[in-house]
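[1] Could you look at this predicted model? Sequence included:
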There are 2 protein chains.
Amino acid sequence: MSTVTHRTAPTQFVEAEGVRYAYRRLGSGGEVPLVLLQHFTGNLDNWDPALVDALAAEREVILVDYPGVASSTGTPATTIAEMAQQMITFTAALKLEQIDLLGFSIGGFAAQDMALIRPRLIRRLVLAGTGPKGAPGMHGWRKDIETHARAEVPTGGDLLYIFFAHTDTSQAKGKEFLGRFMARTEGRDTPSSLASRDAQYDAVLEWGIPNHSALQRLTGIQCPTLIIQGDGDLMIPTKASHLMAGLIPDARIRIYPDAAHASLFQYPAEVAKDVNEFLA
Amino acid sequence: MSTVTHRTAPTQFVEAEGVRYAYRRLGSGGEVPLVLLQHFTGNLDNWDPALVDALAAEREVILVDYPGVASSTGTPATTIAEMAQQMITFTAALKLEQIDLLGFSIGGFAAQDMALIRPRLIRRLVLAGTGPKGAPGMHGWRKDIETHARAEVPTGGDLLYIFFAHTDTSQAKGKEFLGRFMARTEGRDTPSSLASRDAQYDAVLEWGIPNHSALQRLTGIQCPTLIIQGDGDLMIPTKASHLMAGLIPDARIRIYPDAAHASLFQYPAEVAKDVNEFLA
């Protein structure tokens, strides 16, 4: 049994098409590896260790920095379509023939595009705190959320504001998360640049341009899909998950109570259980 | 306090535009009356007395036969748009300036059209076991459901098959419902004709013709909306409710477990509580 955890997994690198991708790989088991696609400005450290370790207990898990973000070289994507192609390139560089894919927030945008462009690559899909291209309420974030999310040097307070419900109970869970995600002391990833932040927000806005026709893309997602979100997401409206559940042919949906954007960091054990059961 | 119940409320009649509408009116309280729009081939007796009485305990409730159905004269509508206009005519005949509206199944189709055509008429909307015009999976029913739903002389067995989940627990609840809805012995409504059945199924199929663009209509429903459905509806895919929750601007959704099409007849007390709270 491997004793490598999210706290100790070394950052590795693989090169493809002129980009040096930073990634971490841990865990074993499962039919295919599970690739996790990160949220806005997030790097390898921004995943909740409790979530990653609970997933890695039953399967191989791969974390990655998008090009131009944190320790990956290259130019950050300014559209989700480009980001999806970058992640397809990354999976090809690791010679992965088939994967399970969990995308959180903008990672969920890219995951949808990957499932549409490379259906044979994706065995099962998990869409967390995310929404469809062109859907109502997706064209950028409300002002207070945008301000905290785009902070030049994000603090724990910013993360609590944008990620957790503004209730005592959710904020308390958020503080536990802050403790966990700072626990790794050696070999931490580098912070994301402001340039990558701005490129990613361009991609967020481009994805969210109102476009009812684009919703029909969801009907083309062929793989079984698990949709999870907090019941009061302040960043991406929770109704976006219902919309995806309404149009993706083989979808199930799980809404977590008293939770905002980061339901998977608020309930890491429950989410890992739901995801592991779905992927088993 | 009135002691009139679903079992004793007299069938009344009101005439408008050449149609004699059969209806029943009971209960008191609430800001505005709650009008219930019935399912495929259903008449005044087909509502669950337990549901109607629990709603009527807190508000005025109005049941009605569509034109050409059971005791109402006139020609049955062959499109939902026409059915919605008929029900607008009915509310005008009763001089109702504003109503709450609960539509079940095809009644929910008509309720959506009424909310779009007469937004000032509808204060709050409840959509039960229903789905949007043009949505995936809405173009008619699967063969076994269609056969039982279109039976020339529907039996209790047909209702159990199409309305309740094919589990022992749901079927047992279904048998309780059968007992309740047969309890009225005096002044029962007349059965619906085969002509009205065929006209209504034309309307079902017309509503369900695949049309992604038509889904955008949902974004125009202005009133607060409660969406309820069983978790395994065999007649209208449960994902239709998620789709409505994803696109109706002010919507909430409640999915009942171990239930098929008639979740509101399986859980009359719970549904009445949820509806009463929503309308309060």
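    Sure, I can see it. Numbering: from 1, shown residues only, chains lettered A, B, ... in the order given.
[2] so A:His242, which of the three states?
    Judged by DSSP: H, G, I helix; E, B strand; the rest coil, the three-state class of A:His242 is helix.
[3] Tell me the spacing between it and B:Tyr21.
    36 Å (CB to CB, to the nearest Å). Bear in mind the C-beta positions are built from the backbone N, C-alpha and C, glycine included.
[4] Tell me which of these two has more neighbours.
    A:His242 (27 against 24; other CB atoms under 10 Å in any protein chain shown).
[5] Does the helix or strand encompassing A:Ala172 pack against any helices or strands, and if so which?
    Here A:Ala172, judged by DSSP states H and E, is contained in helix A:168-181. Based on contacts counted as 3 or more CB pairs under 8 Å, 6 or more residues apart in numbering or on different chains; DSSP states H and E, the elements that helix A:168-181 packs against are helix A:49-56, helix A:156-163, helix A:263-266.
[6] mind redoing it with 10 Å?
    Secondary-structure packing of helix A:168-181 (3 or more CB pairs under 10 Å, 6 or more residues apart in numbering or on different chains; DSSP states H and E): helix A:49-56, helix A:156-163, helix A:263-266, helix A:268-279.
[7] wait, which of those is closest to A:Gly129?
    With CB to CB, the closest approach to A:Gly129 among these belongs to helix A:263-266: 6.5 Å.
[8] Give me the mean pLDDT for that closest one.
    Mean pLDDT, computed over helix A:263-266, is 98.
[9] ok, is that helix in contact with chain B or not?
    No: on the criterion CB under 10 Å from any CB of the partner chain, helix A:263-266 is out of touch with chain B, staying 17.1 Å away.
[10] got the buried residues for that helix?
    For helix A:263-266, burial by neighbour count (16 or more other CB atoms under 10 Å in any protein chain shown) applies to A:Ser263, A:Leu264, A:Phe265, A:Gln266.
[11] just these now: which is nearest chain B?
    Closest approach to chain B among the buried residues of helix A:263-266 (CB to the nearest CB): A:Ser263, at 17.1 Å.
[12] Now for that closest one: which residues touch it?
    Counting by CB atoms under 10 Å, 6 or more residues apart in numbering or on different chains, A:Ser263 makes contact with A:104, A:128-129, A:163-165, A:170, A:173, A:228-233, A:238, A:254-257, A:270-271.
[13] what's around the closest residue to A:Gly246 other than its chain neighbours, how many residues?
    Nearest residue to A:Gly246, sequence neighbours excluded (CB to CB, 6 or more residues apart in numbering or on different chains): B:Leu243, at 2.7 Å. As a burial measure, B:Leu243 scores 28 neighbours (other CB under 10 Å).
[14] Contacts only, for B:Leu243.
    Here B:Leu243 is in contact with A:215, A:218, A:242-247, B:131-132, B:135-138, B:215, B:218, B:227, B:237 (CB under 10 Å, 6+ apart).
[15] quick check: mean pLDDT across stretch A:66-86?
    For stretch A:66-86, the mean pLDDT works out to 98.
[16] Restricting to C-alpha, output that stretch in PDB.
    Provided in PDB are the C-alpha atoms of stretch A:66-86 (Å, rounded to 0.1, in the frame of the first residue of the first chain):
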ATOM      1  CA  TYR A  66      -3.200  24.400 -16.200                       C
ATOM      2  CA  PRO A  67      -0.600  25.900 -18.500                       C
ATOM      3  CA  GLY A  68       0.600  29.300 -17.300                       C
ATOM      4  CA  VAL A  69      -0.800  28.600 -13.800                       C
ATOM      5  CA  ALA A  70       1.400  28.200 -10.800                       C
ATOM      6  CA  SER A  71       4.200  25.700 -11.600                       C
ATOM      7  CA  SER A  72       3.100  24.900 -15.200                       C
ATOM      8  CA  THR A  73       4.900  26.800 -17.900                       C
ATOM      9  CA  GLY A  74       3.100  28.100 -21.000                       C
ATOM     10  CA  THR A  75       0.400  30.600 -21.700                       C
ATOM     11  CA  PRO A  76      -2.800  30.600 -19.700                       C
ATOM     12  CA  ALA A  77      -5.900  29.900 -21.800                       C
ATOM     13  CA  THR A  78      -8.400  32.700 -22.300                       C
ATOM     14  CA  THR A  79     -11.200  30.500 -23.400                       C
ATOM     15  CA  ILE A  80     -12.500  27.200 -22.000                       C
ATOM     16  CA  ALA A  81     -12.200  25.600 -25.400                       C
ATOM     17  CA  GLU A  82      -8.500  26.200 -25.300                       C
ATOM     18  CA  MET A  83      -8.200  25.100 -21.700                       C
ATOM     19  CA  ALA A  84      -9.900  21.800 -22.600                       C
ATOM     20  CA  GLN A  85      -7.500  21.200 -25.400                       C
ATOM     21  CA  GLN A  86      -4.600  21.900 -23.000                       C
END
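[17] Give me the three-state assignment for A:Gln222.
    Going by three-state DSSP: A:Gln222 is coil.
[18] and the gap between it and chain B?
    As judged by CB to the nearest CB, to the nearest Å, A:Gln222 and chain B stand 14 Å apart.
[19] same deal with A:Thr225?
    Remark: distance between A:Thr225 and chain B (CB to the nearest CB) = 12 Å.
[20] Next, the contact list for that residue, please.
    Contacts for A:Thr225 (CB under 10 Å, 6+ apart) come out as A:101, A:111-112, A:115, A:122, A:124-127, A:218, A:244-245, A:248-253, A:278.
[21] circling back to that earlier point, let me know the next secondary structure element after the helix holding A:Ala172.
    Next along the chain after helix A:168-181, taking DSSP H and E as the criterion, comes helix A:194-208.
[22] Report pLDDT for the residue positioned nearest the centre of chain A.
    Chain A has A:Phe104 as the residue nearest its centroid, 2.4 Å off, counting by CA atoms, centre = their mean. Per-residue confidence (pLDDT) for A:Phe104: 98.
[23] Contact partners for it?
    A:36-40, A:42, A:46-47, A:51, A:111, A:126-130, A:228, A:261-265.
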